[in-house]
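S.K.: I would like the atomic coordinates for the input below:
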Amino acid sequence: MWLTPTRLPTVAANVLAKTFGDGLADLRPVPRVLIDRGPHRNLYRMQQPDGAADGSPVLLVPPLAAPALCFDLRRGCSMAEYFVDAGHCVYLVDYGEVSFSDRGIGVEHWVEEVLPRAIRRASEDAGGAPVRLVSWCLGGIFALLTAADQQDLPIASIVSVAAPVDFTAIPLVAPVRPLVELTGGWVLTPVYRLLGSAPASIVSRVFWATGLDKEITKPLAILKNLDDREFLAQIEAVDHFMDNMLAYPGRTFGQMYHRFFRANDLANGSVELAGRTISLSKVSVPTLVIAGETDGIAPKRAVARVTELLDHAPEVCFEVAPGGHLGVLTGRGARNTTWSYIDQFHARHDS
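M.R.: All right, here's what the predicted structure looks like:
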C-alpha cells in the first residue's frame, strides 16, 4: 500500500527518528558480565533482571566471521533476550577480532580449546548442570564436532540452526566447483595465504550477495513500509550486523575450503583436523537441526544431511522454519517458529 493521508503521521515519525534521532532499532545489548576469557574466547553470562534464573543453562555458539550479536540483534528480535526472559541462565561465547597474527589458527582451535573451555566454565558457573548448546551456521558445525570429539563434556543437548554439512547441495557455490577442481583448489589458496585471512570485507560481500534480490528491491520495500516501524527497525538492525562482520583466520579458511567445500568431508560424516579424525557419529546427545526455508547459504538439503550422520544421538529432530540464513535465526517471525521449536525441544528433554 502506497502513501496515503492516514499513514502520513506514522511515516513522518519514522523518518524523523531515522534521520534525526537515534534510529528505529533498539540496539542495546542484553546486560552481561564477563566470566571467563582466553585466546579468542570471551564468555559472558547474560544478567537476569531479578538476578535469578531457574531454567537450564544455555550456551549460544556463533560462527566465525559473523559477530556474536547474531544472537542479540535488537530488542524484540534477540534470542539472548528471549531465553533470559524465559528464565534460563544464558551464556554467550564471543571469539573477538581476527588479525593477521591469527593466520595459523585452524578449526581445531575452536573444537579442541575454545568451545570445550566455554562449555565447562558455563556448566561450572551454573552449578554443574549440563549445558544446552544453541548454535548457528558454522557454530553448529563447531558444536557438533566438539561434542563428537570430547564426549565427556557436560553437554545436555545441541541445537544447530542453518549449519550446512553437504556443500554439494549449495547452489550458490555450484558454478565455482568445476574451476576449483580443475585447478586442484588453487583458485583461492594463494589469496588467503597471502592475506593471512579471508578479510571481513569479502565475507560481508559474500553474505550480501546471497540476498542480492532483496538488496535490489530493498529501497522499494522501505518506501512501501515507511509506516511499519518493526520492518524498518529490522532492516536497520541487519545493516548494523552486516557492518560488523569479521575475518576468517587463514588456516581456518583453508581447512573449510579444502576439507568442507572441496572434499565435502562433513557430508561423509567425518573430518580430519590436526592429524586426528573426528566422526559425527560419536555425537551422543539429543540434537535438533533447523533449516531456513529460503536460506541460500545453507539450503534445506545441505542442512538436513547431518540428521543421517548422527547414528548414536538418542534423538535427532529436523525442522524447517521461514527465513533466509539470518532470518531463520533472528527474523521478526523467529519467535513463533525457530525459537518455539527450540523451546519445545528443550522442554521435552527437561521433563
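S.K.: Quick one: neighbours of residue 294, just the number.
M.R.: A count of nearby residues for residue 294, using other C-beta atoms under 10 Å, gives 14. Using the backbone N, CA and C atoms, a C-beta is placed for each residue, glycine as well.
S.K.: Tell me both backbone torsions, phi and psi, for it.
M.R.: phi -120, psi 30 (degrees, to the nearest 10).
S.K.: Please report how far it lies from residue 288.
M.R.: According to C-beta to C-beta, to the nearest Å, residue 294 and residue 288 sit 20 Å apart.
S.K.: same thing with residue 340?
M.R.: 12 Å.
S.K.: which outside residues touch stretch 42-54?
M.R.: Residues outside stretch 42-54 that contact it (C-beta atoms under 8 Å, 6 or more residues apart in numbering) are 30-37, 80, 83-84, 87-96, 118, 121-122, 125.
S.K.: re the thing from before, quick one, which of residue 340 and residue 288 is more surrounded?
M.R.: residue 288 (24 against 13).
S.K.: Shouldn't that one be within a strand?
M.R.: Yes. Residue state for residue 288 (DSSP: H, G, I helix; E, B strand; the rest coil) corresponds to a strand.
S.K.: for stretch 227-244, what is the average pLDDT?
M.R.: The pLDDT scores in stretch 227-244 average 89.
S.K.: mind listing what's buried in it?
M.R.: 227-229, 231-238, 240-242 (16 or more other C-beta atoms under 10 Å).
S.K.: picking up where we left off before, which among the contacts of stretch 42-54 end up buried?
M.R.: 30, 32, 36, 80, 83-84, 88-95, 118, 121-122, 125.
S.K.: Residue ranges in the protein under the pLDDT threshold?
M.R.: Flagging of the chain using pLDDT under 70 yields the residue ranges 1-9, 11-21, 51-52, 172-218, 351.
S.K.: Show the residue spans covered by the strands in it.
M.R.: 32-38, 41-46, 55-61, 88-94, 131-136, 155-161, 197-198, 248-249, 270-273, 276-279, 287-292, 316-321 (DSSP state E).
S.K.: Now do the second one: distance to the chain's middle.
M.R.: Per C-alpha atoms, centre = their mean, to the nearest Å, the displacement of strand 41-46 from the mean C-alpha position of its chain is 16 Å.
S.K.: Could the C-alpha coordinates of it be exported in PDB?
M.R.: Provided in PDB are the C-alpha atoms of strand 41-46 (Å, rounded to 0.1, in the frame of the first residue of the first chain):
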ATOM      1  CA  ARG A  41      37.200 -16.800  24.000                       C
ATOM      2  CA  ASN A  42      35.200 -14.200  25.900                       C
ATOM      3  CA  LEU A  43      32.500 -16.000  27.800                       C
ATOM      4  CA  TYR A  44      29.600 -13.900  29.000                       C
ATOM      5  CA  ARG A  45      26.700 -14.600  31.400                       C
ATOM      6  CA  MET A  46      23.600 -12.700  30.500                       C
END
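S.K.: Name the strands paired with that strand and say parallel or antiparallel.
M.R.: Strand 41-46 has the following strand partners under DSSP bridges: strand 32-38 (antiparallel), strand 88-94 (antiparallel).
S.K.: Could you say which one of those comes nearest to residue 311?
M.R.: strand 88-94 (27.5 Å; C-beta to C-beta).
S.K.: quick one: contacts of the closest one?
M.R.: By C-beta under 8 Å, 6+ apart, the residues outside strand 88-94 that reach it are 30, 32, 35, 41-46, 48, 53, 55-62, 68, 71-72, 80, 83-84, 114-115, 118, 122, 125-126, 131.
S.K.: switch to 7 Å and redo it
M.R.: Here strand 88-94 makes contact (C-beta atoms under 7 Å, 6 or more residues apart in numbering) with 32, 41-46, 53, 55-61, 68, 71, 80, 83-84, 118, 122, 126.
S.K.: Ok, stretch 102-117 next?
M.R.: Residues from elsewhere that reach stretch 102-117 (C-beta under 7 Å, 6+ apart): 38, 40-41, 61, 95, 142-143, 145-146, 149-150, 153, 196-197, 249-252, 255, 273-274.
S.K.: Buried residues in stretch 62-70, which are they?
M.R.: Applying 16+ other C-beta under 10 Å to stretch 62-70 flags 62-70 as buried.
S.K.: May I ask which two of the residues you listed are separated the most?
M.R.: Longest span within the buried residues of stretch 62-70, C-beta to C-beta: 64 and 69, 14.1 Å.
S.K.: Buried ones among the contacts of stretch 102-117?
M.R.: 40-41, 61, 95, 142-143, 145-146, 149-150, 153, 196-197, 249-252, 255, 273.
S.K.: Now go through the residues you listed and say which are in helices.
M.R.: Among those, the residues falling in helices (DSSP state H) are 142-143, 145-146, 149, 250-252, 255.
S.K.: quick one, what contacts the residue nearest the centre of the chain?
M.R.: The centroid of the chain falls nearest to residue 136 when counting by C-alpha atoms, centre = their mean (2.7 Å). By C-beta under 7 Å, 6+ apart, residue 136 lies in contact with 62-63, 70, 161-162, 329.
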